[in-house]
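Peer 1: take a look and give me a structure for this.
(2 chains)
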Amino acid sequence: MPSEKDKSKEQKAAESEVESFRKDLGPFVVAAETTRMAMVFTDAKESNHPLIFANDSFLQLAGYSRKEVLGQSVDFLLGRPADPAALTQVEAAFAGSSESDFEICFHRKDGTTFWANVFVSPIRDKSDDVVQHFASFVDITKHIKEEEHLRYLLDELNHRTQNTLATVQAIAVQTLRGAANKEVVDAFEGRILALSKAHSLLGRKLWQSAGLRDVIDQILQPFGLNDRRVTRFSVKGNDVPLSPKAALTLAMVFHELATNAAKHGALSNDASGKVEIAWQVESTPQGDRMRLRWQESGGPPVPPPGRKGFGSRLIEGGLAQDLDGEVHLDYDPGGVVCQIIMPIQRQVGR
Amino acid sequence: MNSPFSGRRALMVEDEMIVAWLLEDMLTDLGCAVIGPAGNVNQALAMIEAEAIDVAVLDINLNGQLSYPIADALGARGVPFVFVTGYDEGRILDGYRVFPVLQKPFHRSELSDILAKLLAPKEPGVEPVIAAVAKESS
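Peer 2: Numbering: from 1, shown residues only, chains lettered A, B, ... in the order given. Predicted coordinates for the structure are as follows:
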């Protein structure tokens, strides 16, 4: 900390510097002093980057008087003790010779906190040396609080959805117990659990998107995807971000394919059956498209189902209708092949 | 029924009756003798006092009450347990994230896999998770 004597010296120097600004830049200084954007200038020649100018908006935001802030090191707003990560961020921004932009939590004089988006830019003299830094502050506290609240509501909603699905599972299993055969109960339970896994993945990503690899991982785990004793799956392709609707539909489709393979196809025998899942994304004038192939081998031949059950309906209809895709499901004697072609949003927005 | 969990005494803590019934059926099918369900913290603590328990399944949110005191009581007695929650795992309190978690809803095979791990005979020299946590917090 600078002593009172040093401080007043620095302050005097700062004031004379601002005075010289005023002469050189007249209206600009008045604008900086009165704008609603909180801003400061710091001295880059001193190692602790003391404040040499602070406008009214900054003082209002931070809750200090001008006298209290001028000459202070730039990190005085971080509170004591300062969060080491925040301190590193601030020091890096003011030590740097390029522009930087970050969000940080500051402490006011009265102990309350505020979140600010800080923009720091170096100011160079004629010989290109950094002599000062300019920093502006936008109060984003309201935005951060709203985001926290939204996150909380979404967590609650996810929790309730998962609890409701758990209740549906419990009601179904107990209602059907004794009244339907075990296969029917298992099929129903499996579908509810697949739906819930997709919901849970999307919930973690704030319902913005889910990765194809995560969807495959979650859904095929119960079918031995990561079984270290026997390798039944091969999964090849770069991760693709899926929209919520695509993630839900594909989760249900993979679940049906795997259930069918476990019952009749490549996952129904001891260990010789394999499932290969491979995909690539291609660009077309209409946008990106994904071609995905589910290929079974080494299992007994699977006869096509006599009537369209929920599974084949979901596989063939779900993708075509929900996702504007194409599906070709072949009961090849060598193993079931399912080819999926569907549009992929390049960037999944909110 | 011959099951790896035959005769193991499982405490279940779950406030939602219908879900508790399913859990009870799952545990019974796996061969466990079920203790509970306890629907709140005090009921569970009383059961832990009164009964011999080999393993426990703990819903984290019991109608607004959190079940961490139950976890502490089980930990103090060296009883292994698994948390059950409909929340994301990230919501679990610091210091309790080392314990296994089942995301609701779950399949009986997921429950069975976790119980097998919790009830596995301890390898000599390997410190159980609960003892390690108790040491850390003391």
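Peer 1: show me what the longest helix along chain A is packed against.
Peer 2: The helix spanning the most residues in chain A, taking DSSP state H as the definition, is helix A:141-176. Secondary-structure packing of helix A:141-176 (3 or more Cβ pairs under 8 Å, 6 or more residues apart in numbering or on different chains; DSSP states H and E): strand A:113-124, helix A:182-204, helix B:17-29. Using the backbone N, CA and C atoms, a C-beta is placed for each residue, glycine as well.
Peer 1: out of those, which comes closest to residue A:323?
Peer 2: Among the helices and strands packed on helix A:141-176, helix A:182-204 comes nearest to residue A:323, with 13.7 Å by Cβ to Cβ.
Peer 1: elements contacting that closest one?
Peer 2: In terms of contacts (3+ Cβ pairs under 8 Å, 6+ apart), helix A:182-204 is packed against helix A:141-176, strand A:210-211, helix A:212-220, helix A:244-263.
Peer 1: quick one: that helix to helix B:17-29, angle?
Peer 2: Helix A:182-204 runs at 120 degrees relative to helix B:17-29, counting by axes from the mean of the first three to the mean of the last three Cα atoms, to 10 degrees.
Peer 1: buried stuff in helix A:182-204?
Peer 2: Going by neighbour count (16 or more other Cβ atoms under 10 Å in any protein chain shown), the buried part of helix A:182-204 is A:185-203.
Peer 1: equivalent analysis for stretch A:264-284, please.
Peer 2: Going by neighbour count (16+ other Cβ under 10 Å), the buried part of stretch A:264-284 is A:264-267, A:273-277, A:279.
Peer 1: pull up the distance across that stretch, start to finish.
Peer 2: 37 Å (Cα to Cα, to the nearest Å).
Peer 1: quick check: mean pLDDT across it?
Peer 2: Taken as a whole, stretch A:264-284 has an average pLDDT of 90.
Peer 1: so how far is it off the chain centroid?
Peer 2: Distance of stretch A:264-284 from its chain centroid, counting by Cα atoms, centre = their mean, to the nearest Å, is 29 Å.
Peer 1: which residues does it contact?
Peer 2: For stretch A:264-284, contacts defined as Cβ atoms under 8 Å, 6 or more residues apart in numbering or on different chains pick out A:212, A:216, A:223-224, A:230-238, A:240, A:258, A:261-262, A:288-300, A:302-303, A:335-336, A:344.
Peer 1: thinking again about what came up before, need the helices and strands packed on helix A:182-204 in TSV (columns: mean neighbour count and distance to residue A:38).
Peer 2: Converted to TSV, these look like this (neighbours: other Cβ atoms under 10 Å in any protein chain shown; distance: least, Cβ to Cβ, whole Å):
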stretch	mean neighbour count	distance to residue A:38
helix A:141-176	15	13
strand A:210-211	22	39
helix A:212-220	21	41
helix A:244-263	22	39
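Peer 1: poorly predicted segments of the chain, please.
Peer 2: No chain was given, so I picked chain A. Chain A contains residues with pLDDT under 70 at A:1-15, A:17-18, A:21-22, A:25, A:346-350.
Peer 1: to clarify, I was referring to chain B.
Peer 2: Where chain B drops to pLDDT under 70, the residues are B:1-2, B:122-138.
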